[in-house]
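Colleague: what's the 3D shape of this:
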Amino acid sequence: LADTRLNVASEKCESRIELLHWEWEADLPQDLPLEEIDLVVGTDLVYADDTKMGLATALATLLQHHRTSALQALLLLVDRPCSEAKRRRLTKNSASSAVTCFLRACAAKNLLIE
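Modeller: Numbering: from 1, shown residues only. As a prediction, this is how the structure comes out:
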C-alpha cells in the first residue's frame with residue numbers, strides 16, 4: 001500500500017480516497033464504512049496459481065452486502081496463466097488464464113461481469 005499511498009498523496013486526493021489493506025481470506029473489516037463506499041477500485045490483483053480465488057469471494061461479500069447499495073468494482077487485471085491443476089479443474093482440455101479463472105469464480109458467486 002505504500003506506493004498507492006504515495007500516488008494518492010501526489011494527486012492530492014486523500015480526502016476522497018480511503019485505502020484499506022484487506023486479506024481476501026479474512027472477514028470484512030469491522031470498521032469498513034460500507035454505506036460511504038461509492039466504488040471499489042483494484043489493479044493487478046489476480047495471480048497465476050491462486051487456487052483459492054479468495055478475491056472473488058471477498059468481492060461477492062462486499063458487493064452483495066446488505067449495507068451496500070448498487071456498489072460496483074472497477075478492476076484492471078493482467079492476464080497470466082493458471083496452474084495446470086487449476087486449469088484441469090476449471091476447464092477440460094482448454095487453456096485458461098488466471099483472469100479467466102477469476103472471472104469464472106466471480107460468475108460462480110453471482111457477480112455480474114461487464
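
Colleague: tell me the mean pLDDT for the helix or strand hosting A56?
Modeller: Assigned by DSSP states H and E, A56 falls within helix 54-63. Averaging pLDDT along helix 54-63 yields 91.

Colleague: swap in stretch 7-20?
Modeller: Here stretch 7-20 scores 90 as its mean pLDDT.

Colleague: Likewise for stretch 71-86?
Modeller: The pLDDT scores in stretch 71-86 average 77.

Colleague: Quick one: neighbours of the closest residue in space to T4 that isn't next to it in sequence, just the number.
Modeller: The shortest distance from T4 to any non-neighbouring residue, by C-beta to C-beta, 6 or more residues apart in numbering, is to L19 (5.8 Å). The C-beta positions use only the backbone N, C-alpha and C, and glycine is treated the same way. L19 has 11 neighbours, counted by other C-beta atoms under 10 Å.

Colleague: Verify the stated contact: L19 with L6.
Modeller: No. Look at L19 against L6 with C-beta atoms under 8 Å: they stay out of range, at 10.8 Å.

Colleague: how about W24, what does it touch?
Modeller: K52, G54, L55, T57, A58 (C-beta atoms under 8 Å, 6 or more residues apart in numbering).
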